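[1] Build me a model from this:
(chains A and B)
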Amino acid sequence: MSHHIVEAEKLHYSYPDGTVALADISFRITHGESVALVGENGAGKSTLLQHFTGCLLPSEGILKVGGLTVDKENLAAVRRAVGMVFQNPDDQLFMPTVFEDVAFGLLNLGIHEAELEGKVMGALETVGAAHLKGRPPYRLSQGEKRAAAIAGVLAMSPDILVMDEPTSSLDPMSRRRLINLLKTFQHTKIIATHDLDFAMELCERTIVIHKGCVTADGPTGEIFSDDELLKRSSLEKPHLFYNS
Amino acid sequence: MNKLGENLVDIGYMDTLAAGDSPLHRLDPRAKIFTTFLFLVAVVSFNKYEVSALVPFFLYPVFLIFAGELPAGYLAGKILVVAPFAILVGIFNPVLDRQILFHIGSLGISGGWISFLSILMRFVLTVSAALALLSITGINSICEALARSGVPRPFVVQLLFLNRYIFSLTGESERMSRARSLRSCSHKAMNFGIFTQIAGHLLLRTFDRAERVYQAMLCRGFDGHIRVVRYSRIGRREIAFMLVWAVLFVVFRFVNISLILGQTVTGLLK
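    Okay, here's the model as predicted:
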């Protein structure tokens, strides 16, 4: 069993009002893979991401993270294995200072006080945000907030990193820093994004979701060269594709 | 930044103050909560006409502000913001209670004015002590201390979430207020219909936002237990802090120091 494998088998999810959000989703993501989830607005990307941390549980089918079925019994173990960076960092940062926010997850993991500072500072240094440790999160720029949110997740040493629209509202420099940072991570990465250049640069594999179904799953280069598929999924060919 | 945005920063400023490192900040939160609770009980236990005996109690909030290196002007501003509520509570006393209690020269002072003044003094004392406590301890540490003191967990978690909900509510209000003002041209006033629609949307949006914040907490292992970075224990410093203030509160409560001082000074002048 690897802690880094994510496997979905005929996954279905319907919202309480009956709206079908995910239908018959199947895939297997293995150790160290970087996978982009792309698709139009409302395709079901964020809904799928919420399943990886057990915020939503499948209506039908099976989702396994690190060999554990994502269900109520395994929630704590699943959430230890999966680190999720939310689309809006303001949803994630709620402690009075950046240091305390990064420490929040560690304290919940039961990390001893003696190790706490080292781990927090280590995570902040990884994302280049050590100088922000005493700052209140609501006074940070979007890029700084994103870095602090990632540090909060990294500090918990997850096996799998799940990110929802990580480049949204980032300026070009912050976006570039994020790409460079993510390239250094050895984690299994699952990234929902509309930024196809970002996906092209970072992810070797892309899963296209359209109306709650997987319509394509393969190497990123191949997916983005299929004009018909991109058009059907309301996507545009990334600029990098023309440059490469 | 509009007014709501400024308020959001303002609310968060108290959390920033709580991250300070004065000797008072380092005290176990339970000691500070217990002492402040004793203070509040002592202050509200006087009869409605008491004024002079309340004066020595100002020592406690003043001590917290100076020893905790808190900005007095900022806290005074916060007290002024909520002052209208206290004024509203006592404003009718001079009308309802006209019995003359004493004279200053030829001017008769009624019981209503004295009780009104007493309400205002208690308000300033209790609110300033509570704000100072919040500013030297922080809501998370207060909640954690309450939980460690045996207060039921659902109550403590509700208190913690209520505080975070204020941030969520203010943030969403700011966005909606900005969107409205940008499209309301010269019509600054909001009619009732628009107000109710905005209020309804605001409620739904803050529910959504609160749900996302809660999900983010769950994703990082939150299980209903509040854990804070700075754990402390009740030691000699905490016991000394509680004892000294408890003794002072008992003395202030049962000995009218202001009166004794006044009589002494008057006697000396004679």
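
[2] For my notes, confirm A:Gly54 occurs in a helix.
    No - applying DSSP: H, G, I helix; E, B strand; the rest coil, one finds A:Gly54 to be coil, outside a helix.

[3] any idea how far the residue nearest to it when sequence neighbours are not counted is from A:Ala81?
    Counting by CB to CB, 6 or more residues apart in numbering or on different chains, A:Gly54 lies nearest to A:Leu75, which is 4.6 Å off, once chain neighbours are set aside. From N, CA and C alone the C-beta is placed, and that goes for glycine too. Taking CB to CB, to the nearest Å as the measure, A:Leu75 and A:Ala81 are separated by 11 Å.

[4] Can you pick out the residue with more neighbours from those two?
    A:Ala81 (23 against 17; other CB atoms under 10 Å in any protein chain shown).

[5] what about the residue of the stretch 1-150 of chain B found nearest chain A, which helix or strand?
    Distances between the stretch 1-150 of chain B and chain A by CB to the nearest CB are smallest at B:Asp15, namely 3.4 Å. If you go by DSSP states H and E, B:Asp15 is part of helix B:3-18.

[6] Could you list the low-confidence segments of the chain?
    Assuming you mean chain A. Where chain A drops to pLDDT under 70, the residues are A:1-3, A:243-244.

[7] You answered for a different chain; I wanted chain B.
    Ranges of chain B meeting pLDDT under 70: B:1-11, B:186-189, B:230-231.

[8] Show me how it divides into domains.
    B:1-137+B:235-270, B:151-230 (automatic domain parsing).

[9] So for A:Leu116, which of those domains sits nearest?
    With CB to CB as the criterion, A:Leu116 lies closest to domain B:151-230 of the domains of chain B, at 6.9 Å.

[10] near chain A, anything from the closest one?
    Yes - Domain B:151-230 lies within reach of chain A by CB under 8 Å from any CB of the partner chain, at B:164, B:167, B:171, B:209, B:212-213, B:215-223, B:225, B:227-229.

[11] Quick one, which of those are buried?
    B:164, B:167, B:171, B:209, B:212-213, B:215-222, B:227-229 (16 or more other CB atoms under 10 Å in any protein chain shown).

[12] out of those, which are inside helices?
    Members of those lying in helices (criterion: DSSP state H): B:Arg164, B:Phe167, B:Gly171, B:Arg209, B:Arg212, B:Val213, B:Gln215, B:Ala216, B:Met217, B:Leu218, B:Cys219.

[13] And the helices in the stretch 151-270 of chain B, which stretches?
    Secondary structure of the stretch 151-270 of chain B (DSSP state H, counting those that start in this stretch): helices at B:153-183, B:192-219, B:236-254, B:257-269.

[14] same deal with chain A?
    Going by DSSP H, chain A shows helices at A:45-52, A:75-81, A:89-92, A:98-109, A:113-126, A:142-154, A:172-184, A:196-202, A:220-224, A:227-232, A:239-243.

[15] Using a markdown table, lay out those together with distance to B:Pro154.
    Formatted as a markdown table, the helices of chain A follow (distance: least, CB to CB, whole Å):
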| stretch | distance to B:Pro154 |
| --- | --- |
| helix A:45-52 | 26 |
| helix A:75-81 | 20 |
| helix A:89-92 | 23 |
| helix A:98-109 | 18 |
| helix A:113-126 | 27 |
| helix A:142-154 | 26 |
| helix A:172-184 | 39 |
| helix A:196-202 | 43 |
| helix A:220-224 | 48 |
| helix A:227-232 | 50 |
| helix A:239-243 | 52 |
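
[16] ok, the residue nearest to A:Asp164 when sequence neighbours are not counted - contacts?
    Spatial nearest neighbour of A:Asp164, chain neighbours left out: A:Gln87 (4.2 Å); criterion: CB to CB, 6+ apart. Contacts here follow CB atoms under 8 Å, 6 or more residues apart in numbering or on different chains; on that basis A:Gln87 touches A:Ser46, A:Asp164, A:Glu165, A:Ser168.

[17] any idea how far A:Gln87 is from A:Thr167?
    Counting by CB to CB, the gap from A:Gln87 to A:Thr167 is 10 Å.

[18] swap in A:Val85?
    Distance from A:Val85 to A:Thr167, by CB to CB: 11 Å.

[19] Using CSV, lay out the domains of chain B together with distance to A:Asp197.
    CSV is the format used below for those (distance: least, CB to CB, whole Å):
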stretch, distance to A:Asp197
domain B:1-137+B:235-270, 33
domain B:151-230, 27
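
[20] you'd agree A:His31 is up against A:His4?
    Yes - under the criterion of CB atoms under 8 Å, A:His31 makes contact with A:His4 at 4.1 Å.

[21] residues shared between the contacts of those two?
    Residues touching both A:His31 and A:His4 by CB under 8 Å, 6+ apart: A:Thr188.

[22] These two: who's more crowded?
    Between A:His31 and A:His4, counted using other CB under 10 Å, the more crowded position is A:His4 (19 against 15).

[23] List the residues that contact the more buried one.
    Contacts of A:His4 by CB under 8 Å, 6+ apart are A:Thr30, A:His31, A:Gly32, A:Gly66, A:Asp159, A:Ile160, A:His187, A:Thr188.

[24] cool, and A:Ala81?
    Applying CB under 8 Å, 6+ apart to A:Ala81 gives the contacts A:His3, A:Val65, A:Gly66, A:Leu68, A:Pro158, A:Asp159, A:Ile160.

[25] where's B:Gln199 relative to B:Met176, distance?
    Careful, residue B:199 is Ala; it's not Gln. Distance from B:Ala199 to B:Met176, by CB to CB: 10 Å.

[26] When those two are compared, which one has more neighbours?
    Shown here are B:Ala199 and B:Met176; by other CB under 10 Å, B:Met176 has more neighbours (16 against 11).

[27] I'd like the distance between that one and B:Leu202.
    6 Å.

[28] Looking at the helices of chain A, spot the one closest to B:Leu125.
    Closest among the helices of chain A, using CB to CB: helix A:98-109, at 30.6 Å.

[29] residues making contact with that closest one?
    Applying CB under 8 Å, 6+ apart, the external contacts of helix A:98-109 come out as A:80, A:93-95, A:116, A:119-120, A:123-124, A:129, A:132-137, A:140, A:148, A:151-153, A:155-156, B:19, B:140, B:217, B:220-223, B:225, B:227-229.

[30] What subset of these is buried?
    For the contacts of helix A:98-109, buried by 16+ other CB under 10 Å: A:80, A:93-95, A:116, A:119-120, A:123-124, A:129, A:132-133, A:135-137, A:140, A:148, A:151-153, A:155-156, B:19, B:140, B:217, B:220-222, B:227-229.

[31] End to end on stretch B:61-74, go ahead and measure it.
    Start-to-end span of stretch B:61-74 (CA to CA, to the nearest Å) is 14 Å.

[32] Please identify the buried residues of that stretch?
    Neighbour-count burial for stretch B:61-74 [16+ other CB under 10 Å]: B:Pro61, B:Leu64, B:Ile65, B:Gly68, B:Leu70.

[33] Pull the distance from stretch B:62-74 to the chain's centre.
    On the basis of CA atoms, centre = their mean, to the nearest Å, stretch B:62-74 sits 13 Å off its chain's mean C-alpha point.

[34] Okay then, goodbye and thanks.
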